[in-house]
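*Asks:* Just the structure for this:
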Amino acid sequence: MTQTTQTHLNNDAKNIAMTAPHSAASEAGMAVLRAGGNAVEAMVAAAATISVVYPHMTGLGGDGFWLIHKPGEKPVAIDASGFSAAAIDFSDYAQQVEMPTRGGRACVTVAGAVSGWQTALDWANKQVGNHLSLSELFANAIDHCQQGVVVTESLAKTSKAKFDELTNVAYQATFLNQGQPLQAGDSFQQPQMAQLLTSLAQNGLADFYQGDIAQKIAKALAEQGSALSADDLANYSALQVEPLSAETSHGTLFNLGAPTQGIASLLILALFDRLYQADWDELQSVHHLVEVTKQAFRVRNQFVTDPNDCPDLSQFLTPESLQKLLSEVSSDQAMPWPNKAELGDTIWMGATDANGVMVSYIQSLYWEFGSGVVIPEYGLVWNNRGVGFSLQEGHLNQLRPKAKPFHTLNPALCLFKDGRRMVYGTMGGEGQPQTQAAIFHRIANLHWPVDKAVAEARWLLGRTWGISKDNLKLESSLYQHIGQAMIELGHDVEEVADLSEMMGHAGAILRSDSNANLNSTITAATDPRSDGAALVE
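*Replies:* Residues are numbered from 1 along each chain as shown. Below you'll find the model as predicted:
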C-alpha cells in the first residue's frame, strides 16, 4: 500500500507529516504528532513499531543515524552506531577470508539504535520539550506485538528465502510458524518483544545497556559465541555529532560523516550539480549520475572508516577536490567498474511536526534478520554490522577492538535557498546514495512532484538487498527508454522489473517554508516498492 498526500496548510491544519516504508509505522508516528508530540517523539514511536512489523529489515538490535532540523538553527546529527567488542582479537578470525555473516561470531558490535532514541529524545526535551512518556510512545508497537501483525509479502519472501540459512533455535522459535516460513497474510505475534518494550518503557532506555536487560542480552550473546560483553554494552552511548554538508546551486545538503557513506551521497550531488545542463535528456542525466557515483564510491572506499581514524571528509567537498574528480568523468564513455559493492538492508523514515522540526532517520540490522542470533527472552534479533569490517591485515576497516565498521546507512536533508526544506532517504546498501540523487535531481532540477520523484523507474550500480551482481541495473520502463544507449556508452546494463524491491524503499517530506508557517505546503511521499504510507495533516 502506498499513500502520497499533499496538504495546503491553513489555520485548521495540524501542520504535521510522517512517512515510513510500512503503513503501521506511519500511523504510529502520526498518532504521536496528533497528540501534540514532537517529530523526534513521533520517530521513536515509528521506529519501535517498524521494528515489530518489519523485523527482517530493522530492530532494536541494530543501529541508527539521525538528522534533525529545528527552524532557524543548524541541523543536528546523531551517530547511533555501535563499536566492536573490547575483547575482539583479529587473530581469532585469521582462518577466515571474510567476516562471518551469521551466528554468534558475526555479533561483534554493540547495537546503538536504542541509545540513539534516548539521545534524540534528550535533544528534543531541551530544544522543544517532550510531551509523551515512553509508555505512550511504545503503545502502538506493544499492541502490534500482542495482537499480531499481518505478514507482508516482503517479510514472507525473506522468511522463505532465509529458511535454510538461519538456524538459530531462538530465531526459529520467534520468526517461524510451527517450523515453517511465515506466509503473507498470516498473523504474527511477538510476545517476547512486547515484554522488552514494556520493560524499557518502565525502566528507561538505559536498561538496554546497563540494567537487567543488558545482563540478559550479554549472557545470551556469550552463549552464542559472541565476544560482546556486559561491559561493552555499559560503555556505549550514541553521540551527537556535526553533520557533513555540501553547498550546491540549489541549497545546502546535509548527511552523516564517518563511519557512514554520507560522503558518497553528498559527492554525487555536488559533482552532478557542477555538470548538469538544463537541456540534458534522461540518457545524459542518468549516464552522468552513474559516472559521478563511481567517483564518489572511489573516495568512500578509500577513506571512510571509524571516525577516530578517518580523515576530515569535508576536504573532498571543496571546489578544488570536486574539480579534480570531475576531470575523470567522461560524457561519452562509461568508466569500468570492478569495485566491490556493499550489501545492506534497512528502513528510512521522515517526520515533521507543528513547530516545523524535521527528522530524517535511518535504522538497520544490516542483512535480513541481521546475524540471525535472537535473544530468546526478548525475541530480539542482533545485528551483523561487523560484516563491514575487513579481515585483510592493514585494511582501513580491519577488524579491531572498540572500532566502528563502515556503514551504508545515511539519512539526508536539504535546506533549499528558496526556503524549502526536505528530508529524504531510502534503504538499499549501494543504492542509498544513488536513490537519494535520483529523488533530489527530479525535485530540484526537473521540478517533479515528490510522489513522482520517488515512484518513477530508478537505476542501481552495484549490489543491494539480495542481489550479488555489481553491474548497472535499470528498471524495465527506464531500460526500454535508455538501456541500449547506455550499453553503447560502455555500461554493463541489466534490465530488472519495474517497482523492484531491490531498488529500495524510498521516501521524502518537502516543506515549502523555512519555519512553521501556516501558509506553507507540506508534501510527503513513500515508495510504491514498499508497504508504506505518507501522511499529512
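*Asks:* quick check: domain ranges of this protein?
*Replies:* Listed by automatic domain parsing, the domain ranges of the chain are 11-240+352-388, 244-344+424-536.
*Asks:* need those domains in TSV with mean pLDDT and distance to residue 418, can you?
*Replies:* C-beta coordinates here come from the backbone N, C-alpha and C atoms, glycine included. Converted to TSV, the domains of the chain look like this (pLDDT from 0 to 100; distance: least, CB to CB, whole Å):
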stretch	mean pLDDT	distance to residue 418
domain 11-240+352-388	95	15
domain 244-344+424-536	92	8
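*Asks:* can I get the ones you listed in JSON lines with mean neighbour count and distance to residue 416?
*Replies:* Shown next, in JSON lines, are those (neighbours: other CB atoms under 10 Å; distance: least, CB to CB, whole Å):
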{"stretch": "domain 11-240+352-388", "mean neighbour count": "21", "distance to residue 416": "12"}
{"stretch": "domain 244-344+424-536", "mean neighbour count": "20", "distance to residue 416": "4"}
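*Asks:* can I get these in a markdown table with distance to residue 408?
*Replies:* Shown next, in a markdown table, are these (distance: least, CB to CB, whole Å):
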| stretch | distance to residue 408 |
| --- | --- |
| domain 11-240+352-388 | 8 |
| domain 244-344+424-536 | 4 |
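*Asks:* report the longest helix in this structure, please.
*Replies:* Identified as the longest helix of the chain according to DSSP state H is helix 282-303.
*Asks:* So which elements touch it?
*Replies:* Packed against helix 282-303 by the contact rule (3 or more CB pairs under 8 Å, 6 or more residues apart in numbering; DSSP states H and E) you find helix 262-275, helix 319-326, helix 431-444, strand 459-461, helix 476-488.
*Asks:* hang on, the earlier thing: indicate which one of the domains of the chain is closest to residue 397.
*Replies:* Closest of the domains of the chain to residue 397 is domain 244-344+424-536, at 5.2 Å (criterion: CB to CB).
*Asks:* Span of the closest one from start to end?
*Replies:* 29 Å (CA to CA, to the nearest Å).
*Asks:* If you compare the directions of the longest helix of the chain and helix 262-275, what angle comes out?
*Replies:* Here helix 282-303 runs at an angle of 140 degrees relative to helix 262-275 (axes from the mean of the first three to the mean of the last three CA atoms, to 10 degrees).
*Asks:* Measure how helix 282-303 sits relative to helix 476-488, angle-wise.
*Replies:* Using the same axes, to 10 degrees: helix 282-303 against helix 476-488 is 80 degrees.
*Asks:* Which of the domains of the chain sits closest to residue 401?
*Replies:* Nearest of the domains of the chain (CB to CB): domain 11-240+352-388, 4.7 Å.
*Asks:* which residue is nearest the middle of this structure?
*Replies:* residue 362 (3.4 Å; CA atoms, centre = their mean).
*Asks:* quick one, strands of the stretch 51-200 of the chain?
*Replies:* 63-69, 76-80, 149-150, 187-188 (DSSP state E, counting those that start in this stretch).
*Asks:* Residue 446: which of these is closest?
*Replies:* Proximity of the strands of the stretch 51-200 of the chain to residue 446 was assessed by CB to CB; the nearest stretch is strand 63-69, lying at 24.0 Å.
*Asks:* between that closest one and helix 262-275, how big is the angle?
*Replies:* 50 degrees.
*Asks:* From the contact counts, what lies against strand 63-69?
*Replies:* helix 39-53, strand 76-80, helix 113-127, strand 251-255, strand 358-364, strand 412-416, strand 421-425.
*Asks:* Minimum distance to residue 226: which of these has it?
*Replies:* For the helices and strands packed on strand 63-69, the distance to residue 226 is smallest for helix 113-127, at 17.4 Å, taking CB to CB.
*Asks:* Which strands or helices does the closest one pack on?
*Replies:* By 3+ CB pairs under 8 Å, 6+ apart, helix 113-127 packs against helix 39-53, strand 63-69, strand 76-80, helix 207-210, strand 239-241.
*Asks:* I'd like the distance from the second one to the chain centre, please.
*Replies:* To tie it back to what came earlier, the one meant is strand 63-69. Distance of strand 63-69 from its chain centroid, counting by CA atoms, centre = their mean, to the nearest Å, is 9 Å.
*Asks:* Same question for the fourth one.
*Replies:* For helix 207-210, the separation from the chain centroid amounts to 24 Å (computed by CA atoms, centre = their mean).
*Asks:* would you put the C-alpha positions of it in CSV?
*Replies:* Taking Å, rounded to 0.1, in the frame of the first residue of the first chain, the C-alpha atoms of helix 207-210 are listed here in CSV:
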residue,chain,number,x,y,z
ASP,A,207,18.3,-0.5,30.9
PHE,A,208,19.1,-1.9,27.4
TYR,A,209,22.8,-1.1,28.2
GLN,A,210,23.3,-1.0,31.9
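*Asks:* Can you give the contact residues for that helix?
*Replies:* Around helix 207-210, the neighbours that count as contacts under CB atoms under 8 Å, 6 or more residues apart in numbering are 60, 110, 114-115, 199-200, 213-214, 217, 233-234, 236-237.
*Asks:* Pull the contacting residues for residue 116.
*Replies:* Going by CB under 8 Å, 6+ apart, residue 116 touches 63, 64, 65, 66, 78, 79, 80, 238.
*Asks:* what about residue 495, distance to residue 115?
*Replies:* Relative to residue 115, residue 495 is positioned 43 Å away (CB to CB, to the nearest Å).
*Asks:* go on, residue 423?
*Replies:* Taking CB to CB, one finds residue 423 at 22 Å from residue 115.
*Asks:* Residue 493 now?
*Replies:* Distance from residue 493 to residue 115, by CB to CB: 42 Å.
*Asks:* Kindly reformat the helices and strands packed on strand 63-69 as CSV containing distance to residue 499.
*Replies:* Shown next, in CSV, are those (distance: least, CB to CB, whole Å):
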stretch, distance to residue 499
helix 39-53, 20
strand 76-80, 31
helix 113-127, 29
strand 251-255, 26
strand 358-364, 21
strand 412-416, 22
strand 421-425, 18
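*Asks:* Show me the one of the ones you listed that comes nearest residue 506.
*Replies:* strand 421-425 (7.1 Å).
*Asks:* what pairs with that closest one, and is each one parallel or antiparallel?
*Replies:* Strand 421-425 has these partner strands in its sheet, going by DSSP bridges: strand 412-416 (antiparallel), strand 507-511 (antiparallel).
*Asks:* Only C-alpha atoms, please: export that strand in PDB.
*Replies:* Only the C-alpha atoms of strand 421-425 are listed here, as PDB (Å, rounded to 0.1, in the frame of the first residue of the first chain):
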ATOM      1  CA  ARG A 421      13.300  22.100   3.400                       C
ATOM      2  CA  MET A 422      13.300  18.400   2.600                       C
ATOM      3  CA  VAL A 423      14.200  15.200   4.400                       C
ATOM      4  CA  TYR A 424      14.700  12.100   2.200                       C
ATOM      5  CA  GLY A 425      16.300   8.700   2.200                       C
END
